[in-house]
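Q: What shape does this take:
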Amino acid sequence: MAPVQVAGAPRRGKTPQWTPESVITEIQHFVEAHGEVPRLADLNPGQAKITGQIWRIDRYRAGCPICGSAYPSANAARRCFDGSLERAIRAAGFEPAKRGPRRRTEVDLSERATQRLEHDARVAIDAALARAGEAEQRAERLELQLERARAKAAVAPKVKTKIVRERVTDAAALARITRAREAAEARAIVLRSELAEAKMDAAEARRTAVKLASRLERAEATISDARAQKRGVGAELAEAQARAEEAERRAEEAERRAELASANAVRVERVVEAPPEQAVIDEALARAAAAEELAVRAESRAARAEREYAEVAVAATGAPRKLTAAELDELRSDGPAGPALLADALKALGVARRTDNRFKLEEALASVASAAVTWRDRL
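A: This next block holds a predicted model:
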């Protein structure tokens, strides 16, 4: 079964027989129609669903707007170029797109959000492993069907030989046997192709599950280390603050004793001299500042680990991430708001997508989000 059926797309009739020339032509049409080279998610709806790029599935199902035909699947393109999609893209005269995760800004650091992300990521990994198991079972069933088709094809010539030797003049029976043998051979070819696609789907699903599990383990380890360091820094900060308070209390007591002594003395001479407790105070303040800096660094590491963890969950489940209160406050502005401002932002977004400039695209997306939030608040 091809990946397009795995994602739930309807069949569009008989699967075309792809050749290197037809694959190159469709890749060139894709670049001309959409302004970018196809990625793995553009030709594999299952991969697009796992990584949360659902709009690529709709574009794949719609087919080529230039010639009206369907796009080749990732497996079909690989088969024509020795199992490499990047080789097919280079053969079409383009450079493959660079790989890399999408950037995220801030995430919710609450304990409930962390537990939800961990649950979603593990559910997605279990689902990927289940899909890999189903693909392997489907491959085993296809192998059995292929063996049966081969057995039928091997038996058919014997029947034909017997008919010729006995000089049976029933041409209709001979034609039926010939058609049955040709149908069995065609079925064997189709089963062989579906078996290869099922094996490739199973291997790809298992690789995706392994990658997600590895990223999840690294994110959990980073979060644990950052939280442990944050607890240690907090204890050291509390100790430094306690020492600073004790030093200040001792300095105040020394100052009161000096005032009493100066009140009882006949002649008062003021000597500007640093009290002995000043060194203790300075040291405690320095340790407190260092502890605060370490705490800030630990919080930064924990936030970065939470962002990586959120990326794993979003990439695994495909669910859209909700904006936090801080992000919504950052998007709000005191300037004008309304449909005209949102329309201008959408036009700028379209221009940025055509230029394929990452920084302009991020700036345009931020403008669209700010215009939408500001307009909603003033309705």
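Q: Quick one: the helices in the protein, in order.
A: 3-6, 20-34, 40-43, 45-50, 54-62, 74-80, 85-91, 111-165, 171-264, 277-317, 325-331, 339-355, 358-377 (DSSP state H).
Q: Nearest to residue 98 among the ones you listed would be which one?
A: Evaluated over these, closeness to residue 98 peaks at helix 358-377, with 10.2 Å, by Cβ to Cβ. Where C-beta positions appear, they are placed from N, C-alpha and C, glycine not excepted.
Q: now the angle from the closest one to helix 339-355?
A: 160 degrees (axes from the mean of the first three to the mean of the last three Cα atoms, to 10 degrees).
Q: for helix 358-377, packing partners?
A: helix 325-331, helix 339-355 (3 or more Cβ pairs under 8 Å, 6 or more residues apart in numbering; DSSP states H and E).
Q: Can you lay out the ones you listed as JSON lines showing mean neighbour count, mean pLDDT and distance to residue 42?
A: Listed next are the helices and strands packed on helix 358-377 as JSON lines, based on neighbours: other Cβ atoms under 10 Å; pLDDT from 0 to 100; distance: least, Cβ to Cβ, whole Å:
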{"stretch": "helix 325-331", "mean neighbour count": "13", "mean pLDDT": "70", "distance to residue 42": "29"}
{"stretch": "helix 339-355", "mean neighbour count": "14", "mean pLDDT": "87", "distance to residue 42": "15"}
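Q: looking at these, which is closest to residue 175?
A: Smallest distance to residue 175 across the helices and strands packed on helix 358-377 (Cβ to Cβ): 58.1 Å, for helix 339-355.
Q: list the helices and strands that closest one packs on?
A: Against helix 339-355 (3+ Cβ pairs under 8 Å, 6+ apart) you get helix 358-377.
Q: Touching the helix it packs on from outside, list them.
A: Applying Cβ atoms under 8 Å, 6 or more residues apart in numbering, the contact partners of helix 358-377 are 103, 328, 331-333, 335, 337-339, 341-342, 344-346, 348-349, 351-353.
Q: I'd like the helices of the chain as JSON lines, with distance to residue 68 appended.
A: Shown next, in JSON lines, are the helices of the chain (distance: least, Cβ to Cβ, whole Å):
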{"stretch": "helix 3-6", "distance to residue 68": "17"}
{"stretch": "helix 20-34", "distance to residue 68": "10"}
{"stretch": "helix 40-43", "distance to residue 68": "18"}
{"stretch": "helix 45-50", "distance to residue 68": "20"}
{"stretch": "helix 54-62", "distance to residue 68": "10"}
{"stretch": "helix 74-80", "distance to residue 68": "18"}
{"stretch": "helix 85-91", "distance to residue 68": "21"}
{"stretch": "helix 111-165", "distance to residue 68": "31"}
{"stretch": "helix 171-264", "distance to residue 68": "24"}
{"stretch": "helix 277-317", "distance to residue 68": "33"}
{"stretch": "helix 325-331", "distance to residue 68": "41"}
{"stretch": "helix 339-355", "distance to residue 68": "23"}
{"stretch": "helix 358-377", "distance to residue 68": "30"}
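Q: between those helices, which gets nearest to residue 99?
A: That would be, of these and by Cβ to Cβ, helix 40-43, which comes in at 9.0 Å.
Q: what packs against that closest one?
A: For helix 40-43, the packing partners by 3+ Cβ pairs under 8 Å, 6+ apart are helix 45-50, helix 54-62, helix 74-80.
Q: is it possible to export the helices and strands packed on helix 358-377 to TSV including distance to residue 197?
A: Output for the helices and strands packed on helix 358-377, formatted as TSV (distance: least, Cβ to Cβ, whole Å):
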stretch	distance to residue 197
helix 325-331	42
helix 339-355	32
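Q: can you list the weak-confidence ranges in the stretch 101-250 of the chain?
A: Within the stretch 101-250 of the chain, the ranges that satisfy pLDDT under 70 run 101-122, 156-170, 226, 233.
Q: Mind checking the helices and strands packed on helix 358-377 for the one nearest to residue 155?
A: helix 339-355 (58.6 Å).
Q: quick one: contacts of that closest one?
A: Taking Cβ under 8 Å, 6+ apart as the rule, helix 339-355 contacts 35, 360-361, 363-365, 367-368, 370-372, 374-375.
Q: and the two most separated of those residues?
A: Farthest-apart pair in the contacts of helix 339-355 is 35 and 374; separation 29.7 Å (Cβ to Cβ).
Q: the more surrounded of these two?
A: Comparing residue 35 with residue 374 by other Cβ atoms under 10 Å, the one with more neighbours is residue 374, at 19 against 11.
Q: roughly how far apart are that one and residue 364?
A: 16 Å (Cβ to Cβ, to the nearest Å).
Q: now residue 134
A: Look at residue 134 and residue 364: by Cβ to Cβ, they are 41 Å apart.
Q: Please list only the buried members of the contacts of helix 339-355.
A: Buried members of those, counted by 16 or more other Cβ atoms under 10 Å: 361, 364, 367-368, 370-372, 374-375.
Q: Let's have the residues you listed in CSV, adding pLDDT.
A: Output for the buried ones among the contacts of helix 339-355, formatted as CSV (pLDDT from 0 to 100):
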residue, pLDDT
361, 86
364, 88
367, 88
368, 89
370, 87
371, 87
372, 88
374, 85
375, 84
